[in-house]
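A.B. asks: generate a structure from the sequence data that follows.
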Amino acid sequence: MATVLFSAGLATSDPVTSPIMVVGQVKHLNRVNWDTIKVKLEPRVTKELWTTGVSSLSPSPTDSVSLYMNLATVAALPAKVSRHNTQSRAHSITKIIKSLTAGANESVVVVCSSQDMYASGCAVARAYSAYSRKTVGEPPNAQARPVREVQVKVEFLVVDGENGPARPASLSDGDRQALETSCEAIQLAARLVDTPCNEMNTTAFVEEAVKVATELGIVPTIIRGEELRDRGFGGLYGVGKASTHPPALVVLSHKPATSTKAIAWVGKGIVYDTGGLSIKGKTAMPGMKRDCGGAAAVLGAFSVAVRNGFTDTLHCILCLAENSVGPLATRPDDIHTLYSGKTVEINNTDAEGRLVLADGVAYAAKDLSCDIVLDMATLTGAQGIATGRFHASHMSNTHSWETAVSSAGRISGDLSFPAVFCPELQFPEFTSAVADMKNSVADRNNAQPSCAGLFIFANLGFEFPGVWMHVDMAAPACSGERATGYGVSLLNTLFGSASKCDMFQAASQVTHGNGMLEDGSDGASQGVQMKKMKLK
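C.D. replies: Next up is the predicted model:
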């Protein structure tokens, strides 16, 4: 397992004992003086070899050159990115490091602007997956592969402005803590998502949440099994009641004395989704261990926020269930009463995520009196069709927060793009003759990601006086067959102004006051430092 550590300046090391990767845009690498970088490369690499290596880089979109036996490598990021991408090139950083890692103790030097340090640091963590059940040896003596404890030391060279040499970054203790806790949480979230359901069932996920709570000095609230039914959580109970391992609502609450508002992060935690009686096909079901990506992200992000001094009340609400097939499984045509009091006619048991989240957001409003409610979920396959493999799809009942999520996505590297918010045209898709609503749309061509989000919002009420945000991150939750830990850096950037951490405050583009954007714009311009936005 790789531990990602950060330090200020450049420490002296030898590529033979600590392989080194230097990553940056070519224009930034050209601003790195030999006298600055040589402490990472000598005696194996000379000044001439470094200069030749950098000058030979020709990224399309990326490129790399080995300077010494694949133990010292310089790699180039894409020269250009579009306005809907992250200026940090975070996805390329992850891809490059995955392809070049030596699998041992190593160093990474990222050459970037100061505003891209957080996203770049988080991108490094995504390259190192924690979960594996591979073995060594031949049958009948095959054994579990020993876990290798690896340290990855990350340092930054900062290039601000158009001219001047790259200089070692000055990271405070708070900056290092923000980066290291974020990387640890990203790897936690990815491990939870990568672990299959025969290990990461709802009981095991609850144990993971309890472990995080204990580390933070928090006593969690756990409502599980038949207690969910008795207390009116018809959505969460109905989805998970057929599983051997009972469904659970887990709540971790941080209540500082400085709090001026209450915020809830609600995560969908379907540890496996067979589709229920509306069962998925044999090619659609593999990979459904990843349907807990929202809960994993929320749990990791909550840990980071609390450890870095979150100043407002913050609740982490995990809606955990396994959508199984069995004698107790919910049937199409069944009607459930959700925690909001609304009744739902089930017309598709494979549209289960919105049911568990509906109970989660209603609990946040009714029991916790939250001013801001954000739900995060691997909710719809249509999300990937609508916004692609790298961007989540988000929506909000306020324009300013909708814009803020887009901005936080570009700053953090966890990209997101707005979905249509138009309840009057989309919510009628859930019309039922016998209940308040159905759980799946009548017309699958009418903006499915938006409709799914509106189902959740309906259980807060379309006149909800607070702020609601919904992030559907079904596609970016994984890359290939590995989880990405998506959501951890997005949430801590979006709510950075409520943190005591200078790095999160600097990354956040919002202030939690009244009003809209200070400059009156919608924040659509890209590639430049945006002004702070005041959000209501």
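
A.B. asks: and the closest residue to Cys478 other than its chain neighbours, helix, strand or coil?
C.D. replies: In this structure, Cys478 finds its nearest non-sequential neighbour in Arg290, 5.5 Å apart by Cβ to Cβ, 6 or more residues apart in numbering. Backbone N, C-alpha and C define where each C-beta goes, glycine included. Classification of Arg290 using DSSP: H, G, I helix; E, B strand; the rest coil returns helix.

A.B. asks: surely Arg290 meets Gly480?
C.D. replies: No. With contact defined as Cβ atoms under 8 Å, Arg290 does not count as touching Gly480 (11.6 Å).

A.B. asks: who has more neighbours, the two?
C.D. replies: Ranked by neighbour count (other Cβ atoms under 10 Å), Arg290 and Gly480 place Arg290 first, with 21 against 8.

A.B. asks: which helix in this structure runs the most residues?
C.D. replies: helix 173-194 (DSSP state H).

A.B. asks: what's the following helix or strand after that helix?
C.D. replies: Scanning forward in sequence from helix 173-194 by DSSP states H and E, the next helix or strand is helix 202-215.

A.B. asks: residues contacting that following helix, please?
C.D. replies: 188, 192, 195, 200, 219-220, 222, 224, 240, 243, 245-248, 250, 252, 269, 271, 292, 295, 299, 302-303, 316, 318, 320-322 (Cβ atoms under 8 Å, 6 or more residues apart in numbering).

A.B. asks: against Val373, how distant is the nearest residue to Ala408 once chain neighbours are set aside?
C.D. replies: Among residues not flanking Ala408 along the chain, Leu494 sits closest, at 3.9 Å (Cβ to Cβ, 6+ apart). Per Cβ to Cβ, to the nearest Å, Leu494 is found 13 Å from Val373.

A.B. asks: next: Ala142.
C.D. replies: 48 Å.

A.B. asks: so for these two, which residue has more residues nearby?
C.D. replies: Val373 (29 against 11).

A.B. asks: what's across from that one in the sheet?
C.D. replies: Ala264, Trp468 (DSSP bridges).

A.B. asks: need the pLDDT of it.
C.D. replies: Listed pLDDT for Val373 reads 98.

A.B. asks: so it makes contact with Ala365?
C.D. replies: Yes. With contacts counted by Cβ under 8 Å, Val373 reaches Ala365, the gap being 6.5 Å.

A.B. asks: mutual contacts of the two, please.
C.D. replies: What both Val373 and Ala365 touch, as defined by Cβ under 8 Å, 6+ apart, is the set 460, 464, 466.

A.B. asks: OK, contacts around the last one?
C.D. replies: Residues counted as contacts of Gly466 (Cβ under 8 Å, 6+ apart) are 365, 370-373.

A.B. asks: gap between the two ends of stretch 496-509?
C.D. replies: 8 Å (Cα to Cα, to the nearest Å).

A.B. asks: to clarify, my last question referred to stretch 486-504.
C.D. replies: Start-to-end, stretch 486-504 (Cα to Cα) is 17 Å.

A.B. asks: cool, and stretch 274-290?
C.D. replies: Start-to-end, stretch 274-290 (Cα to Cα) is 12 Å.

A.B. asks: what about the residue nearest to Ala408, neighbour count?
C.D. replies: With other Cβ under 10 Å as criterion, Leu494 counts 29.

A.B. asks: the one 10 residues further on too?
C.D. replies: When neighbours are counted by other Cβ under 10 Å, Phe504 registers 27.

A.B. asks: for the residue nearest to it when sequence neighbours are not counted, give me the pLDDT.
C.D. replies: What sits nearest to Phe504 in space, not counting adjacent residues and going by Cβ to Cβ, 6+ apart, is Gly496, at 3.5 Å. Note on Gly496: pLDDT of 97.

A.B. asks: spit out the contact partners of Gly496.
C.D. replies: 504-508, 510.

A.B. asks: in helices, which of the residues you listed appear?
C.D. replies: 504-507.

A.B. asks: let me have those residues in TSV, extended by distance to Val212.
C.D. replies: Shown next, in TSV, are those (distance: Cβ to Cβ, whole Å):
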residue	distance to Val212
Phe504	19
Gln505	24
Ala506	26
Ala507	23
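
A.B. asks: wait, which of the shared contacts of Val373 and Ala365 is closest to Phe6?
C.D. replies: Gly466 (36.0 Å; Cβ to Cβ).

A.B. asks: that closest one and Trp401, how far apart?
C.D. replies: 11 Å.

A.B. asks: and what of Phe495?
C.D. replies: For Phe495, the distance to Trp401 - Cβ to Cβ - is 11 Å.

A.B. asks: Asp14 now?
C.D. replies: Taken as Cβ to Cβ, the span from Asp14 to Trp401 is 49 Å.

A.B. asks: more neighbours: which of these two?
C.D. replies: Trp401 (21 against 16).

A.B. asks: wait, that one touches Val471, no?
C.D. replies: No. Trp401 lies out of contact with Val471 (Cβ under 8 Å); the separation is 11.3 Å.

A.B. asks: out of the contacts of Gly496, who's nearest Phe421?
C.D. replies: Val510 (18.4 Å).

A.B. asks: for the stretch 201-350 of the chain, just list every one of the strands.
C.D. replies: For the stretch 201-350 of the chain, the strands defined by DSSP state E, counting those that start in this stretch cover 221-224, 248-254, 262-273, 313-323, 335-337, 343-345.

A.B. asks: so what secondary structure elements neighbour the second one?
C.D. replies: Here strand 248-254 is seen to pack against helix 202-215, strand 221-224, helix 293-307, strand 313-323, helix 353-366 when contacts are counted using 3 or more Cβ pairs under 8 Å, 6 or more residues apart in numbering; DSSP states H and E.

A.B. asks: what's next to that strand, contact-wise?
C.D. replies: Against strand 248-254 from outside (Cβ under 8 Å, 6+ apart): 202, 205-206, 209-210, 212-213, 216, 218, 220-225, 228, 233, 236, 299, 302, 305-306, 310, 313-321, 359-360, 363, 368.

A.B. asks: mind listing what Ile93 touches?
C.D. replies: So Ile93 contacts 23, 77, 110, 120, 123-124, 127 (Cβ under 8 Å, 6+ apart).

A.B. asks: mind running it again at 6 Å?
C.D. replies: 23, 120, 123 (Cβ atoms under 6 Å, 6 or more residues apart in numbering).

A.B. asks: and the residues you listed, which of them are in strands?
C.D. replies: Val23 (DSSP state E).

A.B. asks: against Val65, how distant is the residue nearest to Phe504?
C.D. replies: From Gly496 to Val65 the distance is 36 Å (Cβ to Cβ).

A.B. asks: same thing with Leu249?
C.D. replies: For Leu249 relative to Val65 (Cβ to Cβ), the value is 52 Å.

A.B. asks: for His399, same thing?
C.D. replies: For His399 relative to Val65 (Cβ to Cβ), the value is 46 Å.

A.B. asks: neighbour-wise, which of these two wins?
C.D. replies: Val65 (18 against 15).

A.B. asks: over to the more buried one. Which of the three states is it?
C.D. replies: Applying three-state DSSP: Val65 is strand.

A.B. asks: what pLDDT is listed against it?
C.D. replies: Val65 is given a pLDDT of 98.

A.B. asks: likewise for the one 5 residues further on?
C.D. replies: Per-residue pLDDT puts Asn70 at 95.
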